[in-house]
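Student: Coordinates for the following, if possible.
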Amino acid sequence: MDNKVFLFPLTNSVLFKKVTLPYHIFEPRYRQMIKDSLAMQIPIAIVPFHPSNQYRGEICVAGLPHILSTYPDGRMDIYITGSVKCRLTDFEAEDPYKIYYYKIMEEDISIDDTFDIELESLRTLLERWAIHFLPDPVQRESFSNTLEDPELLVNYCAVFLVDDWNVKKLVMEADDLKEKIRVLLQVIGPKEISLGPFMPILRF
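Tutor: Numbers count the residues shown, from 1 in each chain. Reported below is the predicted structural model:
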C-alpha cells in the first residue's frame, strides 16, 4: 500500500500542503473512497478534472480525510488537510475510483530575511481578508497566529486571495517557496507604476 493515493478529480480544484479544505461528498464511489481511505490510511489526492481522464504526471497534494458529518442518504461533509505533495506515476486500478502510485515531490521551503518585506505584504493582505471573512475576533487571532509559518502564509494566500485556479495550480506546483512568493506578488501583491521620469512612483 506504500505510495498509493486515491484520486478525487474536481473541476478547477487545488489542495495545498498544511491547508485544510472542506468537501461535500455525494457520489457513491467517492463515499466508498472516503471509507476506504480511512480504513487503509491511504491519502486522497485532489486533482483538477481532466477530460482525457488520464492523470499520469500530474502534480498534486494529498491528505487523509476527516468526516465532519454524514446524512441519512449517505452523503457526507469532510475536510482534508494537505500533507504530501506528489507526482502521479503508474495507474493501478479504477474500481470504482482511480488509484495511482506516486512519487513524493520535495520542496525548498527555506527563506531568509531578504523576503521579510514580501512576506509582510502578503500577511497584511491576508489579515485584511480575514477582517471580512472571519468576523469572530478569536477566530481571526487564531488565524493570524498561523501566519507565522511562511509556507502556510504563502499557501493561504493562494487559496484565499487568488481567483484564477491556473495561478493556484502554478503556486502549488512550484518547488521553491521564493518562487511561490514571486508568482503571488505578480498577481495580488503591492504594485508600483512609474508616472514618468520626473514624477514619483505610484505604489498601491
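Student: Mind checking what secondary structure A62 has?
Tutor: Secondary structure, DSSP: H, G, I helix; E, B strand; the rest coil: A62 is strand.
Student: what's around it, how many residues?
Tutor: A62: 27 surrounding residues under other CB atoms under 10 Å. (Each C-beta comes from the backbone N, C-alpha and C, glycine too.)
Student: just E141 next, same as before
Tutor: Applying other CB under 10 Å, we find 11 residues neighbouring E141.
Student: Tell me which helix or strand comes right after the strand or helix carrying it.
Tutor: Per DSSP states H and E, E141 falls inside helix 137-146. Sequence order places helix 150-161 as the next helix or strand after helix 137-146, per DSSP H and E.
Student: same for that next one, what does it pack against?
Tutor: The contact analysis (3 or more CB pairs under 8 Å, 6 or more residues apart in numbering; DSSP states H and E) places helix 150-161 against helix 116-133, helix 137-146, helix 165-173, helix 177-187.
Student: Give me the distance from the longest one to the chain's centre.
Tutor: Once both centres are worked out by CA atoms, centre = their mean, to the nearest Å, helix 116-133 turns out to sit 17 Å from its chain's centre.
Student: The last one too?
Tutor: Centroid separation for helix 177-187 versus its chain: 15 Å, with CA atoms, centre = their mean.
Student: where are the low-confidence patches of the chain?
Tutor: The chain contains residues with pLDDT under 70 at 1-2, 189-204.
Student: And this protein, what are its domain boundaries?
Tutor: 4-104, 113-194 (automatic domain parsing).
Student: what's the offset of the first one from the middle of its chain?
Tutor: Taking CA atoms, centre = their mean, one finds domain 4-104 lying 13 Å from the centre of the chain it belongs to.
Student: what's the span of that domain, first residue to last?
Tutor: Terminal residues of domain 4-104 are spaced 11 Å apart (CA to CA, to the nearest Å).
Student: if we can go back for a sec, show me what the helix holding E141 is packed up against.
Tutor: Using 3+ CB pairs under 8 Å, 6+ apart, the elements in contact with helix 137-146 are helix 116-133, helix 150-161.
Student: Mean neighbour count, those helices: which tops it?
Tutor: Highest mean neighbour count among the helices and strands packed on helix 137-146 (mean count of other CB atoms under 10 Å): helix 150-161, with a mean of 20.
Student: Tell me the spacing between M105 and E127.
Tutor: Distance of M105 to E127, given as CB to CB, to the nearest Å: 30 Å.
Student: wouldn't S121 be in contact with I181 here?
Tutor: No - S121 is beyond contact range of I181, at 9.5 Å (criterion: CB atoms under 8 Å).
Student: Just put the helices and strands packed on helix 150-161 in a markdown table and tack on distance to R75.
Tutor: As requested, those are exported to a markdown table (distance: least, CB to CB, whole Å):
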| stretch | distance to R75 |
| --- | --- |
| helix 116-133 | 26 |
| helix 137-146 | 27 |
| helix 165-173 | 25 |
| helix 177-187 | 35 |
